[in-house]
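**Q** requesting a structural model of the entry that follows:
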Amino acid sequence: MLEWMGDAWLEVLATELIARTFRHLPSGRCSQMRERLVKNTTLAKYFELYNLQSRAILPIELAERTNPGRGTSADKDLLKTRSDMFEAYVAAVIRDDPENGTQTAVNWLKALWGRSIKDEVKRAESNNNEATSKRSPKDELAARIVVPGVRIRYEKTGKRDKKDKHVNQQKFFVSAYLDGWGEKDKFLGGGSALSVKEAGQKAAEEALRNRKLLQGLESKKKAFLEAREKAAALE
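**A** Presented below is the predicted three-dimensional model:
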């Protein structure tokens, strides 16, 4: 019962932490990150980190094993067993103190999970601080080169990267193309990510890093705007 309750609590607490920390992340990417935090391999590592095996009473066939490999059945799998016991421990922390147990677990897990996704947290903090004043890469690219009759297309292509090692999910590759300024299907940049939306933003980022390409397109936009102003002045 404690393992079942702990599993539910971990799911809820991980969801809350991710929602608060990664406010601008697509929901699909949030789900993938949550899976990374609550999967068996992650929880089994936490079990070992806190040396909980020294407090556990295990069947002899499990206690004598040293490798947390996959067994012929779930109840003989040491990794799964350690994950289950960590879930039970979380539930015990919460239930043992009806008044403060939940907050104790929240503070503990937040610090623990923060170590597992520290790089993502740093990026999120930076993005959250700049979100109100900085355009997204797609918006920035459009502002610099788009005028009426010119457009940027973002298309999911057949190219795919290898699976993400953390969540075992296939990445998507999106390419940005320009139609206009005498160009058709001109490749601007590409990017890969666990969601099509995020990959599109990365494609725009790559285009923005191509200074030579941007300078040429921005010059065309500047000439167009100057010609339009002159034409308007003559009317």
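**Q** identify the single longest helix in the chain, thanks.
**A** Taking DSSP state H as the criterion, the chain has its longest helix at helix 211-234.
**Q** quickly find the element holding the residue most central in space within the chain.
**A** Closest to where the C-alpha atoms of the chain average out (C-alpha atoms, centre = their mean) is residue 29, at 4.7 Å. Applying DSSP states H and E as the criterion places residue 29 in helix 27-38.
**Q** and that helix, which residues are buried?
**A** For helix 27-38, the neighbour count (16 or more other C-beta atoms under 10 Å) marks 29-30, 32-38 as buried. C-beta here means a position set from N, CA and C on the backbone, and glycine is covered the same way.
**Q** could the residues you listed be laid out in a markdown table, adding distance to residue 205?
**A** As requested, the buried residues of helix 27-38 are arranged in a markdown table below (distance: C-beta to C-beta, whole Å):
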| residue | distance to residue 205 |
| --- | --- |
| 29 | 16 |
| 30 | 21 |
| 32 | 20 |
| 33 | 20 |
| 34 | 25 |
| 35 | 26 |
| 36 | 23 |
| 37 | 26 |
| 38 | 30 |
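**Q** ok, these vs residue 47, which is closest?
**A** Checking the buried residues of helix 27-38 against residue 47 with C-beta to C-beta, the nearest one is residue 38 at 13.1 Å.
**Q** and the residue lying closest to the closest one once chain neighbours are set aside, what element?
**A** Distances taken as C-beta to C-beta, 6 or more residues apart in numbering place residue 10 nearest to residue 38, at 5.0 Å, with adjacent residues excluded. In this structure, residue 10 sits in helix 2-21 according to DSSP H and E.
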